[in-house]
Every structure is written in structure tokens, then in C-alpha cells.
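Undergrad: Sequence below, structure please.
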Amino acid sequence: MEQIYTIPINETFELCIDDPSCGCPLCRLHRQLEENELDRILGAALMEPDVRIETNRQGFCRTHYDMMFQRKNRLGMALTLESHLHELQDQISDTLLSSGGKRAVKRIGELEQNCYVCNRISRHWNNMMETVVLLWDRDENFPEKLKKQPYFCLPHYKALLEYAQRRLGKKLSAFVKDCESVEKPYLDKLCEDISWFCKKFDYRYADEPWNDAKDAIERSIRFLRSDLHAKPGEFKPGDSGGLR
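TA: This is a model prediction of the structure:
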């Protein structure tokens, strides 16, 4: 059931099979979404009036401000900040005396809870997760792709199960079994590696080989809390897989 919206999922799952160092395929898909949104907001959408209205209203979280800054489009970022800051002048100034600061507190609170990029990613992400479950249900080749993944980080493992619980009905137990066939061996190996890492600090094991334990801490963190944010240059042009 190859469709335009299934291509990036299939490509990413295949990539993670070929190169297990890619890690959780859903983290990678999330990073691709994020890269596309950052490219868009500092590129084609920069001067679109409807986009500017929304970026002025929502602002950006600190993470995405930092990632925008790292992209070196200083003029694009300055133009976005210019209209946002000028609008805030009207929204949080001249109110401190008349309202006791309540209007300013409310508006700043809205900004603290909002981010244009996060909100865009969230909308796309819901559709993507439903598509993963749909592919497993309707594409005869996809269950094998799922079972060959390196692992799913815990937050995305939870998300997979939640979406499946809403969509699969009687097929749910088979989906859970397939997911667990990925998750349990990886978690067992991670526990083994982190324990060996700890033992290596005991003098009795000082001369023993590290085996796979040297990066056990990093892998454990990625497994427990996801690996969501792309590093500069991580994705090449054309690597978005049609996620725009």
C-alpha cells in the first residue's frame, strides 16, 4: 500500500534495518519532521503573512530558537524576531498600571506554553503514528520491517501501543507481540551492558574487555528519553523522504 504519506516511514524503517546505529526509527522520523519545519520557517514560509501571524502569536520554545540560530540564517531569524517583538510591545506594555500586570502575565504565560515548530510537528506526528499502525495492519511487508528495527525508545514504544489500542481491535495482541519482540531483546542487552559498565570500575574487572559497554550510558539515555532533536548537518538535502 505504497502511498506518498507512507514513503518516509518505509524508507526510515528500511534505513534503520540497514544501519542499526540510526537507533529508534520514530526518533529519526521526528528529527526529519523537525528539520523540515526549521527549513520551512527560515525559508519559503518566512515572508508568508499567515505564517508570520502564527509565529507572532505562538513564538518558539528555547530549543527551537537555539536550533534556528545554529542554522546561520541570521537575517531570516532577525526578521521573524522583529515582527514578534514589535507585536509584544503592544501586548505587554501600557498594561502594567491599568491591569496590575495581569494582561502581561497572561500573554507571557501563553508564550511559555507555546511553540510554532512544536505545534506543527505535533500535528504531523499524530498522522505519522497512525500511519505506522495502519501500515502494520494493511501492508503485508511492514510487520517484518517493524520486527527488524534496532529498538524503539520508551516514549515512542508507549506511543505505538497507545495508537494501536485505539485502532487495531482484535489484532492488538499480535501488534504488541511484534513490538515486544523488538523491545525486550534490546532492553535485556542494555541492562547487560550497563551492568558491565559499572563492573569495569571494580579493580577485579579492570583488565577485562569493555565489549559493548563503553557507550551504555548514552544508549540508555536515548532509550529512556528519546533522541528527538537533529544535529546540524545530520540530514542531507533530499533526505526528508517527502515529509513536508
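
Undergrad: could you pull out the helices for the chain?
TA: Remark: helices assigned in the chain by DSSP state H are 7-18, 25-41, 49-58, 62-70, 74-92, 102-112, 116-138, 142-147, 154-167, 172-199, 216-225.

Undergrad: can you pull the buried residues of the shortest one?
TA: If you call a residue buried by 16 or more other Cβ atoms under 10 Å, then helix 142-147 has these buried ones: 142, 145-146. In this view, the C-beta of every residue, glycine as well, is placed from N, C-alpha and C.

Undergrad: what does it contact?
TA: Around helix 142-147, the neighbours that count as contacts under Cβ atoms under 8 Å, 6 or more residues apart in numbering are 10, 13-14, 17, 132, 135-136, 178-179, 181-182.

Undergrad: biggest separation within these, which pair?
TA: Asn10 and Ser181 (19.5 Å; Cβ to Cβ).

Undergrad: When those two are compared, which one has more neighbours?
TA: Asn10 (19 against 13; other Cβ atoms under 10 Å).

Undergrad: shouldn't the more buried one be in contact with Leu135?
TA: Yes - if you go by Cβ atoms under 8 Å, Asn10 and Leu135 touch, sitting 7.5 Å apart.

Undergrad: can you count the residues close to the nearest residue to Tyr157 once chain neighbours are set aside?
TA: The spatial neighbour of Tyr157 that comes closest, neighbours along the chain excluded (Cβ to Cβ, 6 or more residues apart in numbering), is Glu183 at 5.7 Å. For Glu183, the count of nearby residues is 20 (other Cβ under 10 Å).

Undergrad: Provide a list of residues in contact with Glu183.
TA: Glu183 sits next to 151-152, 157 when contact means Cβ under 8 Å, 6+ apart.

Undergrad: these two touch, right, Ala159 and Met129?
TA: Yes - contact status for Ala159 versus Met129: in contact at 5.7 Å, counting by Cβ under 8 Å.

Undergrad: Between the two, which contacts overlap?
TA: In contact with both Ala159 and Met129: Leu26, using Cβ under 8 Å, 6+ apart.

Undergrad: do you know how far the residue nearest in space to the middle of the chain is from Leu134?
TA: The residue lying closest to the centre of the chain (Cα atoms, centre = their mean) is His30, at 3.3 Å. Distance of His30 to Leu134, given as Cβ to Cβ, to the nearest Å: 18 Å.

Undergrad: Find the residue ranges of the chain scoring beneath the pLDDT cut-off.
TA: 1-3, 94-99, 232-233, 235-244 (pLDDT under 70).

Undergrad: rewinding a little: with the buried residues of helix 142-147 in mind, which one is nearest to Asn114?
TA: Leu146 (33.9 Å).

Undergrad: which residues does Arg107 contact?
TA: 88, 91-92.

Undergrad: With distance to Ala206 and neighbour count as extra columns, can I get those residues in TSV?
TA: Output for the contacts of Arg107, formatted as TSV (distance: Cβ to Cβ, whole Å; neighbours: other Cβ atoms under 10 Å):
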residue	distance to Ala206	neighbour count
Leu88	58	16
Gln91	62	17
Ile92	60	17
